[in-house]
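Participant: test case, fold it:
(4 chains)
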There are 4 protein chains.
Amino acid sequence: MTLEDVQGRPDTRGIALDEAGVSDLRYPITLADRDGAKQESIGQFKMSVAVPAEAKGTHMSRFVEILHEHATDISVVTLPVILDAICQRLATEHAHLQIRATYFRERSAPVSHARSLVGYDAVWSATVNGASTQLELEVQVPVTSVCPCSKAISDYGAHNQRGHITIRARQAGSVSILWIEDLVDIAENSASAPVYPLLKRPDERYVTMQAYDNPVFVEDMVRNVATQLHDDPRVAAFYVHASNDESIHDHAAFASVTWPRTNAALDQFRWEQ
Amino acid sequence: MTLEDVQGRPDTRGIALDEAGVSDLRYPITLADRDGAKQESIGQFKMSVAVPAEAKGTHMSRFVEILHEHATDISVVTLPVILDAICQRLATEHAHLQIRATYFRERSAPVSHARSLVGYDAVWSATVNGASTQLELEVQVPVTSVCPCSKAISDYGAHNQRGHITIRARQAGSVSILWIEDLVDIAENSASAPVYPLLKRPDERYVTMQAYDNPVFVEDMVRNVATQLHDDPRVAAFYVHASNDESIHDHAAFASVTWPRTNAALDQFRWEQ
Amino acid sequence: MTLEDVQGRPDTRGIALDEAGVSDLRYPITLADRDGAKQESIGQFKMSVAVPAEAKGTHMSRFVEILHEHATDISVVTLPVILDAICQRLATEHAHLQIRATYFRERSAPVSHARSLVGYDAVWSATVNGASTQLELEVQVPVTSVCPCSKAISDYGAHNQRGHITIRARQAGSVSILWIEDLVDIAENSASAPVYPLLKRPDERYVTMQAYDNPVFVEDMVRNVATQLHDDPRVAAFYVHASNDESIHDHAAFASVTWPRTNAALDQFRWEQ
Amino acid sequence: MTLEDVQGRPDTRGIALDEAGVSDLRYPITLADRDGAKQESIGQFKMSVAVPAEAKGTHMSRFVEILHEHATDISVVTLPVILDAICQRLATEHAHLQIRATYFRERSAPVSHARSLVGYDAVWSATVNGASTQLELEVQVPVTSVCPCSKAISDYGAHNQRGHITIRARQAGSVSILWIEDLVDIAENSASAPVYPLLKRPDERYVTMQAYDNPVFVEDMVRNVATQLHDDPRVAAFYVHASNDESIHDHAAFASVTWPRTNAALDQFRWEQ
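Facilitator: Numbering: from 1, shown residues only, chains lettered A, B, ... in the order given. Model (predicted):
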């Protein structure tokens, strides 16, 4: 029996679509890290192609086939390979791939040196538009922040809280690779202190005083990050967002900034997620 | 045309069901508060009946009809009325109703007395089993908590964070009514300090020092709440849970306790949500 | 005692911020609808101002003061008034306000005409940049979608599922007002059938066959919406996204398109949420 | 410098706590499956001990130390080993461990036999109370469900949707091991059809008609599961919940049942999550 290719029917409404594809698809993946090692994680995938005005739709099952073939080797280096497979299998020059996954790094406590693993929410994103391919990395980094105002106006103590610094950076074309680890390092040195899964009492004392000695507003965290990204030639454009889960409120304080190295760099920067 | 009542068909598997109904149904509601005033909110509803072994299913649309009729007057007083409507319309003596909604209270800042509104996640729950009707209230209260250990072992500062105290309390039968406001008051006086939507600088100074002067572990918050609930004759049973969004970690610390005034009180206490 | 204005200190890093403010702040609000009536809801607020390079930070508590004063009258008409209050109180010409809230409309079942209320997730967004003010509406509309491919290739049946159509539209300047209701109407007539909270058996029969008679892909839903928005002079730019919670998969299928009436209309269109 | 053990201080409120520990802690884990193979995943951990009335609190960092040592070998077999480590390190006989993780299985499409991986949300839970240790497994299985009423009363078509069957089962003591795979198999054969990540057109035709031929209510799915669990001697007690993301509504329909093989089996069955 021949089954009709319904998605392949012509369309007459005259509207080309930016994207059609699959989302919320989770798959086990193997991620390459900065040091050449591999780690296993679980990716949440969004994969799409543009649809020209005259085509009724795209062939969704092909995205899953491609994913199944490539999930065992995901990195900034291999994303263009997957994009290329999408373009060939779906006969297009406009495709997008986004992977959300938890990325772990080992951390050593500051005094006891007790070891544990910190997980970061990371996003790898790649877009091809004809001859141009863009790569973007995003990571959300939990941090400690002590409020400078509370410290300055109080006789003792200072409210502090867990904050989150989100960095989205577009890779500049012809330079060395930008890694999730690079962005995590920048975020953690921009707050009052990093967070740790495992702290013994001497570590807790150390971190408490370190944070109190380095109070920052959300505005400060964003600027501290932005200053470092400005100086990194691997970054073509960035978006930085910092928010605090304020301990004295039930809402958050936040700040953000967007910056392109050149006007051209911003043209196709994907703000939407 | 007569349409068959498919849910009314007999069932032969011999398995009675505890619950069948609708969930994740949101509806505008009017809530009565402790002071006799009303406030508008949006309820997320779960409504169910037991299904006897010989019936194939229940009639789901009737729950929505009943909700549409009763949404304009929701309180601890009217929940049994709604349960009664469910029992009559669905010809059962076993029904359950759960409403999740945000509940607001006005708050005055401690020094400036600036006014604002705090929203709490609350749950009203009612269950009828033949002659017995049980009412339960739950509320999650955001608070500030300062870590006693961090304060004791550090030369200055102390890590603190937003915490959440959750109280679920079963109303004792023949006494005066327990209100959401009663549970909120108990939770807020059990932490280092309450949270405020609006704090001017003198307020921020006040709250910073108030919290530093009252450090509590999650274990302390649970015990402070439990002590007060023990003493309240309106409470037949309770579950208290406190968690801290630790500012020095990316995980939470938590503690919890369950307590029935009599063994009988625990029999049908609904732990699942 | 005079408390130092720490946020008012100068900053020397030379980095202006796009936004600094509060987010995840919930407040009871009163919304004006298309018919001149009012409805109570609960808003989740994001309020921000730009921060010039030489200022250390903004004064977060003022956002809450302004919100407290204006929450009782929220509509497309009053958003510019709130923005104006933010600009005056925080001495800036660059401010942003975003409100997420559930918006209810009454719905009548197609055969029985039984009445019930449908809730939609809506977003009102307003931005001022000097002399220019932009208003945007967004709504997510749940719908029924039947798969045209499944229907065409199967002898009987067709997989169908709940889908969601999201429309974000920027209000054109000098024409009549665009309302949430307008966008909901467009989304619902672009799917296989609308969803209903309350359907009696004759209604369920009607809706089942209506949906089967009108199969649509996610691509079709986006194009059906886009065609109508093209023709509406009140729309300066739009983003349309449709996704299906596929009943035969555990992932979603989606499609999207962005469109500006003029190139200028896209300049400041806020893609990020 | 000696730092005081603040958690070790005595407490005088006279209230023993059911649990104190850590939650929302994510860690990379290695899971053993039914076939003796291993798979990498990411666990979300909750680990706790009871706190006697006279102790102020527990030592939270020790949970993270134990997790770091044991994360590379997680299975129904090793859970008691981890519990034992908790009991020894924290000097207690009452401990609880809960792990949430995505669990993948390979699936073959029904006609094309194309292979892909399905991810399931699973929970492993273990509790020790003195001499007694209880193990529980939970899994949420996405499925396709076709409505029997809609099919019966309509001339053509039938509304269908993605549903979720959740099974929580307590392992009976002295019999062979119950695995996640066993519960997934039971859930999938209790619905109209399983879901697949990858379906080619002939597969889609097959699944569409398979589901239409096997319509089920949520009540049916719960009973189909319960019947099989009754017959499995490895199951000491169970909770089954089925819900449908109704395609014609924006709310869910659900049903549930709880069942103990003996009254004793229910005593400590943990309903709360």
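Participant: three-state assignment of residue A:85?
Facilitator: Secondary structure, DSSP: H, G, I helix; E, B strand; the rest coil: residue A:85 is helix.
Participant: typed the wrong thing, it's residue A:3
Facilitator: Residue A:3 carries the three-state label coil when classified by three-state DSSP.
Participant: give the pairing partners of the helix or strand encompassing residue A:120; include direction for each.
Facilitator: Per DSSP states H and E, residue A:120 falls inside strand A:115-129. In the sheet, strand A:115-129 lines up against strand A:94-108 (antiparallel), strand A:132-146 (antiparallel) (DSSP bridges).
Participant: just those: most buried one?
Facilitator: strand A:132-146 (a mean of 23; mean count of other C-beta atoms under 10 Å in any protein chain shown). Quick note: C-beta positions are derived from backbone N, CA and C, even for glycine.
Participant: tell me the helix or strand right after it.
Facilitator: helix A:148-153.
Participant: just the CA trace of that next one, in PDB.
Facilitator: Output in PDB follows, covering the C-alpha atoms of helix A:148-153 (Å, rounded to 0.1, in the frame of the first residue of the first chain):
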ATOM      1  CA  PRO A 148      25.600  46.000  49.600                       C
ATOM      2  CA  CYS A 149      22.800  48.300  50.800                       C
ATOM      3  CA  SER A 150      21.600  46.000  53.600                       C
ATOM      4  CA  LYS A 151      25.200  45.600  54.700                       C
ATOM      5  CA  ALA A 152      25.900  49.400  54.600                       C
ATOM      6  CA  ILE A 153      22.800  50.500  56.500                       C
END
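Participant: give me the mean pLDDT for it.
Facilitator: Helix A:148-153 shows a mean pLDDT of 96.
Participant: tell me which strands and helices whichever helix or strand comes after it is in contact with?
Facilitator: Using DSSP H and E, the next helix or strand after helix A:148-153 towards the C-terminus is strand A:160-171. Secondary-structure packing of strand A:160-171 (3 or more C-beta pairs under 8 Å, 6 or more residues apart in numbering or on different chains; DSSP states H and E): strand A:132-146, helix A:180-188, helix A:218-230, strand A:235-244, strand B:160-171.
Participant: between helix A:180-188 and the strand holding residue A:120, find me the angle.
Facilitator: 110 degrees (axes from the mean of the first three to the mean of the last three C-alpha atoms, to 10 degrees).
Participant: can you give me the angle strand A:115-129 makes with strand A:160-171?
Facilitator: Counting by the same axes, to 10 degrees, strand A:115-129 lies at 40 degrees to strand A:160-171.
Participant: okay, buried residues for strand A:115-129 please.
Facilitator: Of the residues in strand A:115-129, A:116-128 count as buried by neighbour count, 16 or more other C-beta atoms under 10 Å in any protein chain shown.
Participant: need those in a markdown table with distance to residue D:148 and pLDDT, can you?
Facilitator: Converted to a markdown table, the buried residues of strand A:115-129 look like this (distance: C-beta to C-beta, whole Å; pLDDT from 0 to 100):
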| residue | distance to residue D:148 | pLDDT |
| --- | --- | --- |
| A:116 | 52 | 97 |
| A:117 | 49 | 97 |
| A:118 | 50 | 97 |
| A:119 | 44 | 97 |
| A:120 | 47 | 98 |
| A:121 | 42 | 98 |
| A:122 | 45 | 97 |
| A:123 | 42 | 96 |
| A:124 | 44 | 95 |
| A:125 | 44 | 94 |
| A:126 | 45 | 94 |
| A:127 | 45 | 94 |
| A:128 | 47 | 95 |
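Participant: picking that back up, now distance to residue A:50 too, for the strands paired with strand A:115-129, in CSV please.
Facilitator: Converted to CSV, these look like this (distance: least, C-beta to C-beta, whole Å):
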stretch, distance to residue A:50
strand A:94-108, 4
strand A:132-146, 13
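Participant: among those, which comes closest to residue B:60?
Facilitator: Residue B:60 sits nearest to strand A:94-108 of all those, at 35.1 Å, using C-beta to C-beta.
Participant: residue contacts, whichever residue of the stretch 51-200 of chain A sits closest to chain B?
Facilitator: Nearest residue of the stretch 51-200 of chain A to chain B (C-beta to the nearest C-beta) works out as residue A:157 at 3.1 Å. By C-beta atoms under 8 Å, 6 or more residues apart in numbering or on different chains, the contact set of residue A:157 is A:150, B:146, B:157, B:158, B:160, B:208, B:209, B:211, B:212.
Participant: could you rerun that using 10 Å?
Facilitator: By C-beta atoms under 10 Å, 6 or more residues apart in numbering or on different chains, residue A:157 lies in contact with A:146, A:150-151, A:212, B:146, B:151, B:156-158, B:160, B:192, B:205, B:207-213, B:215.
Participant: need the buried ones from the residues you listed selected in PyMOL.
Facilitator: Buried members of the contacts of residue A:157, defined by 16+ other C-beta under 10 Å, are picked up in PyMOL with:
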select buried, (chain A and resi 146+150+151+212) or (chain B and resi 146+151+157+158+160+192+205+207+208+209+210+211+212+215)
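Participant: and chain D, is stretch A:8-15 touching that?
Facilitator: No - against chain D, stretch A:8-15 shows no contacts by C-beta under 10 Å from any C-beta of the partner chain, the least distance being 10.9 Å.
Participant: centre of the chain to that stretch, how far?
Facilitator: Computed by C-alpha atoms, centre = their mean, to the nearest Å, the chain-centroid distance of stretch A:8-15 equals 35 Å.
Participant: does it reach chain C?
Facilitator: Yes - Stretch A:8-15 reaches chain C (C-beta under 10 Å from any C-beta) through A:8, A:9, A:11, A:12, A:13, A:14, A:15.
Participant: which outside residues touch that stretch?
Facilitator: Contacts for stretch A:8-15 (C-beta under 10 Å, 6+ apart): A:17, A:51-59, C:148-149, C:152, C:217, C:219-220, C:222-227, C:230, C:240, C:257, C:259.
Participant: pull out the buried members of those residues.
Facilitator: Buried by 16+ other C-beta under 10 Å: A:17, A:51, A:55-59, C:148-149, C:152, C:217, C:219-220, C:222-226, C:240, C:257, C:259, out of these.
Participant: which parts of the stretch 151-273 of chain A sit against chain D?
Facilitator: Counting by C-beta under 10 Å from any C-beta, the stretch 151-273 of chain A sits next to chain D at A:196, A:197, A:198, A:199, A:200, A:201, A:202, A:203, A:204, A:205.
Participant: can you tell me the closest non-neighbouring residue to the last one?
Facilitator: This means residue A:205. Once flanking residues are discounted, residue A:205 sits nearest to residue B:153: 4.6 Å by C-beta to C-beta, 6 or more residues apart in numbering or on different chains.
Participant: ok, that neighbour - contacts?
Facilitator: Contacts for residue B:153 (C-beta under 10 Å, 6+ apart) come out as A:201-202, A:204-206, A:208-209, B:147, D:1-6.
Participant: out of these, which one has the lowest pLDDT?
Facilitator: Ranked by pLDDT, the contacts of residue B:153 bottom out at residue D:1 (71).
Participant: show me the contacts for that one.
Facilitator: Residue D:1 touches A:202, A:205, B:153, counting by C-beta under 10 Å, 6+ apart.
Participant: below-threshold pLDDT in chain A: ranges please.
Facilitator: Within chain A, the ranges that satisfy pLDDT under 70 run A:174, A:263-273.
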